[in-house]
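Undergrad: Below: sequence and its predicted model.
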Amino acid sequence: MSERIYIDCYAMVGKRGQKDVETPYETEALLEEMEWCGIHGALIAHWVAKEYDPMYGNRKLLHELKKSPRLYGAWAIMPSHTGEMPPPKDLIKEMADNGIRAAKMYPRAHHYFFNEDACGELLSELENHEMLLLVEGGLMYGPDVLEPSNQVLLSELEAILTRHPNLPALLQGSRWESTRYLHALMTKHKNLHLEFSANQPNRALEVYAGWFGSQRLLLGTGALDKSPGAAKAFVDYCALSEEDKQNIAGCNLARLLKLDWLPQSYNEKESDDSILNLAKAGKPLTNILVIDAHAHIAHDDAAGVGFMHQPFSDAKNMLDRAKLMGIGAMCVSSWLGIWTDYEDGNEIVRAAMRRYPNFYHGYATLQPQYVKNWEADLRKVHELYKMQGLKPYYPRTGIPYNDKLWAPWFDYGNRMNAYALLHPSPNFAAELNAIAPKYPNLSLIIAHCGGSFDTARQGVEAALKFPHVFLEITFTSVTYRVIEFMVKHVGAERVLFGTDQPMRDPLPQFGWMAYSHCTFEEKKKMFGLNMKRIIERVKKF
Ligand SMILES: [Zn+2]
């Protein structure tokens, strides 16, 4: 078997408007991180071509491409009718002359119709040359709601692919909400390919490979917003064959770009961080304790819950997945309990705890809008069922954490030195300021602090104020360098590894931390030792 070559199909370089001051953006930073992770090549596009003027940005991209033979370029293009772009034939020739192997279209951001009338001639020209077309889209919520990137609608893409069956297309930036739509699209259009930087449903690579084979799935990182190590671990740790992994890692993109040379391997040297070495080898962390501080669970044989396709989300399947990474324990709340029905939900968690003792630690769920007898419910979940965690959940109860409806539970949790996992609410800082001083013995774990540098800053502020506040990382955004940022400001003792599995596949979340630029000792604390201490201080009944 030949060496696995990794080529990232989704990285952006250069300046743009909105960017956090902490987010790296230079090509040199991308190249350094590629070497850190062992990613051999990358297909890059320039932010200026997206946000300012395509051809101006495309020329800047040519300059960036000169910095390394590991880089391949995608030009931003659009129809030529308004005289801003060369006519399709001339454009394709210019691209070929400059070694550009892929085209990217941003119809919404650039304000033109993504349909046959506006784009047909251009798309036919791409199709004739079998040049790869990149588009960003696949959010359930459509354009303009979640992201200002003005995504292509899947319905538009579907019409275009129908008219251009030989045009190789790659959908970037899709998310897990779109699984059922994407299944239909990919079933119908054999020319559609998918990358997974923002699309991280449970076992996504195995599921999509099972549906469509591995030839249409690609490694995409979303660098430098996202951690490239997260995307790499997604491929390395998944349960597919070596051949499938090679396809996804680089072979498929090499084929689509018609590469006549592959990027060279690195002169790998062993790091003194054994976690990083194991991650690069795709092996479980058997040398340290790993506890997932933020996970969920669904009923046996569940395949889709809470509006979404969500397979392999029961106790047995999650345990199997955990073994791939060496996760030795998992703190779970039931999806049902936070979502719809807390009583049934607690039964699911209890069953998992009894079946796999010491592996599953339960977060109890209580919905104040349904609780009739607090004392009876509290005794049941915490004394009888032995759940040591609390999972109050604002997004599905709409009840702020400082509302008196939660108070009996927090009081009880405070008396037992329990831990509570808090998903931030819109007014979270004020709510936390109100409850944290009242319950000094309740470990308060803020969920999703790694979502962005802004959420990390809010977490840092709270952690500096209250010694019993901890910052849990999980989010699909796998924000590049944000774990390092939190460690720098509050210390590794206050940061916790969590995945949100089985909603999110745990592999990218794992890779995000394993590939972070923290020391071995820091990673050891975040991966397990901190949560172990939090669990051990809970009073036993
Ligand atoms: Zn969660």
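TA: That came in fine, so what should we check first?
Undergrad: residue boundaries of the helices in the stretch 201-350 of the chain?
TA: 204-212, 228-236, 242-246, 252-256, 274-281, 315-325, 335-339, 342-355 (DSSP state H, counting those that start in this stretch).
Undergrad: before we move on, what about the stretch 1-150 of the chain?
TA: Under DSSP H, counting those that start in this stretch, the stretch 1-150 of the chain gives helices at 27-37, 47-51, 54-65, 88-97, 116-128.
Undergrad: I'd like those written out as JSON lines, with mean neighbour count added.
TA: From N, CA and C alone the C-beta is placed, and that goes for glycine too. Shown next, in JSON lines, are these (neighbours: other Cβ atoms under 10 Å):
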{"stretch": "helix 27-37", "mean neighbour count": "19"}
{"stretch": "helix 47-51", "mean neighbour count": "21"}
{"stretch": "helix 54-65", "mean neighbour count": "18"}
{"stretch": "helix 88-97", "mean neighbour count": "16"}
{"stretch": "helix 116-128", "mean neighbour count": "18"}
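Undergrad: could you dump those to TSV with mean pLDDT?
TA: Shown next, in TSV, are the helices of the stretch 1-150 of the chain (pLDDT from 0 to 100):
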stretch	mean pLDDT
helix 27-37	98
helix 47-51	96
helix 54-65	98
helix 88-97	98
helix 116-128	98
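Undergrad: and the helices of the stretch 201-350 of the chain, which is most packed in?
TA: Counting by mean count of other Cβ atoms under 10 Å, helix 228-236 has the highest mean neighbour count of the helices of the stretch 201-350 of the chain, with a mean of 28.
Undergrad: what does it contact?
TA: With contact meaning Cβ atoms under 8 Å, 6 or more residues apart in numbering, helix 228-236 is reached by 6, 8, 11, 33-34, 36-39, 196-197, 200, 204-205, 219-222, 245, 248-249, 279-280, 282, 478, 480, 505, 507-512, 514-516.
Undergrad: Then stretch 432-447?
TA: Stretch 432-447 is contacted from outside by 293-294, 390, 401-402, 410-411, 413-415, 417-424, 428, 459, 462, 465-466, 468-472, 474, 496, 498, 534, 537, using Cβ under 8 Å, 6+ apart.
Undergrad: how about the helices of the stretch 1-150 of the chain, which one is nearest residue 530?
TA: helix 27-37 (24.5 Å; Cβ to Cβ).
Undergrad: follow-up on the earlier one: tabulate the helices of the stretch 201-350 of the chain (TSV), appending mean pLDDT and distance to residue 118.
TA: Listed next are the helices of the stretch 201-350 of the chain as TSV, based on pLDDT from 0 to 100; distance: least, Cβ to Cβ, whole Å:
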stretch	mean pLDDT	distance to residue 118
helix 204-212	98	29
helix 228-236	98	33
helix 242-246	98	38
helix 252-256	98	24
helix 274-281	97	45
helix 315-325	98	44
helix 335-339	96	42
helix 342-355	98	49
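Undergrad: For residue 85, find the nearest of those helices.
TA: helix 252-256 (22.8 Å).
Undergrad: now for that closest one, which elements pack on it?
TA: With contacts taken as 3 or more Cβ pairs under 8 Å, 6 or more residues apart in numbering; DSSP states H and E, helix 252-256 sits against strand 7-13, strand 217-218.
Undergrad: Many thanks, have a good one.
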